[in-house]
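[1] What would the 3D arrangement of this be:
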Amino acid sequence: MQIRAVLWDIDDTLFDYTGADTAGLARWLAEQGLDGLHGTPERALRTWREATERHWERFSGGQVSFRGQRRDRVRDFLQRPGLTDEEAEVWFGRYLEHYEAAWALFPDVLPVLDALTDTHRHGLLSNSSAPVQERKMRSLGLWERFEVLVCAAELGVSKPEAEAFLAGCAALGLEPAEVAYVGDNREIDALGARDAGLVAVWLDRRGDGGPAPEGTHRIEGLAELPGVLAGHTRFGARSGIR
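    Model prediction:
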């Protein structure tokens with residue numbers, strides 16, 4: 001079956017989330033004189049990312065609100081459980097200012113979108129919230145390139161659950177077999193999309209993630225994507241899988 005559309009992950013696929021997060025946190029800690037809070041800047045970043053993952057899982061499981069998981073991240077990271085909601089909001093808001101100042105696309109994003117404009121439709125599926133991701137896409141000049149935006153916070157279900165991927169396909173009005181999903185996470189994006197019946201493309205930018213899981217495509221840069229889409233077939237051998 002022909003691939004008619006591409007659903008895209010956003011963070012660390014189109015947008016350099018890790019780079020912006022690293023730079024933003026470092027600048028905010030330096031501004032506060034908290035560079036040594038967790039020993040080294042590297043350890044501070046690792047602690048922040050671990051707190052982010054831990055509290056995002058709580059949000060995904062319905063245990064806390066979207067804003068609540070942000071506040072709890074701050075309390076966890078600063079090791080100040082008694083921080084009020086207002087204090088945590090202010091701290092997170094200042095971090096956001098530094099983080100957003102570092103927003104940038106990966107350099108291969110615009111060329112691949114240009115290359116696929118006339119051949120494929122495009123949508124976004126993210127484990128975040130729609131207001132956050134719409135603002136980001138508008139700021140980065142990408143918003144008009146996508147037909148739909150589907151996010152976990154509004155949907156009530158997150159990747160890798162099949163319902164999240166199927167909701168993205170439904171928003172495009174297409175069957176899963178007609179849609180490719182491109183994301184940077186092996187389990188959440190590639191395996192989740194594959195198991196939901198989409199064409200799964202794992203973007204392994206660092207090239208150190210190992211072989212592609214069975215039934216998925218692995219690429220190390222978006223310049224490889226048009227070839228994968230053009231060569232993919234549902235019948236016989238899948239070209240481009242490695």
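
[2] For the rest of this, base every contact and every neighbour count on C-alpha atoms.
    Fine.

[3] Can you give the contact residues for the longest helix anywhere in the chain?
    Counting by DSSP state H, the longest helix found in the chain is helix 41-60. Here helix 41-60 makes contact (C-alpha atoms under 8 Å, 6 or more residues apart in numbering) with 22, 25-26, 35, 37-38, 64-66, 69-70, 72-73, 76-77, 152, 156-158.

[4] neighbours of residue 230, just the number please.
    For residue 230, the count of nearby residues is 13 (other C-alpha atoms under 10 Å).

[5] how much space is there between residue 114 and residue 226?
    From residue 114 over to residue 226 the distance is 11 Å, taken as C-alpha to C-alpha, to the nearest Å.

[6] Neighbour count: those two, which is higher?
    residue 226 (16 against 11).

[7] you'd agree the more buried one is up against residue 113?
    No - in this structure, residue 226 is not within contact of residue 113 by C-alpha atoms under 8 Å, at 9.6 Å.

[8] For PyMOL, write the select line for the buried members of the contacts of helix 41-60.
    Buried members of those, defined by 16 or more other C-alpha atoms under 10 Å, are picked up in PyMOL with:
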select buried, resi 22+25+26+35+38+64+65+66+69+70+72+73+76+77+152+157+158
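
[9] Doesn't residue 94 belong to a strand?
    No - counting by DSSP: H, G, I helix; E, B strand; the rest coil, residue 94 is not found in a strand; it is helix.

[10] In contact with the residue lying closest to it once chain neighbours are set aside, which residues?
    In space, and not counting its chain neighbours, residue 94 is closest to residue 28: 7.3 Å by C-alpha to C-alpha, 6 or more residues apart in numbering. Residue 28 is in contact with 94, 95, 98, counting by C-alpha under 8 Å, 6+ apart.

[11] which parts of the longest helix of the chain are buried?
    In helix 41-60, counting by 16+ other C-alpha under 10 Å, buried: 41, 44, 45, 47, 48, 49, 51, 52, 55, 56, 59, 60.

[12] Poorly predicted segments of the chain, please.
    Counting by pLDDT under 70, the chain has low-confidence residues at 232-242.

[13] Domain parsing of it, as residue ranges.
    5-16+104-231, 17-101 (automatic domain parsing).

[14] now for the shortest one, what's the gap between its first and last residues?
    Spelled out, it's domain 17-101. Domain 17-101: ends 12 Å apart by C-alpha to C-alpha.

[15] next one: it to chain centre, how far?
    Distance, stretch centre to chain centre, for domain 17-101: 18 Å (C-alpha atoms, centre = their mean, to the nearest Å).

[16] next one: the longest one
    Between the centre of domain 5-16+104-231 and the centre of its host chain there is 8 Å, according to C-alpha atoms, centre = their mean.

[17] Report how far apart the opening and closing residues of it are.
    The stretch domain 5-16+104-231 measures 15 Å between its terminal residues, going by C-alpha to C-alpha.

[18] Same question for stretch 28-37.
    End to end - C-alpha to C-alpha - stretch 28-37 spans 12 Å.

[19] in it, what counts as buried?
    Buried positions in stretch 28-37, judged by neighbour count with 16+ other C-alpha under 10 Å: 28, 29, 34, 35.
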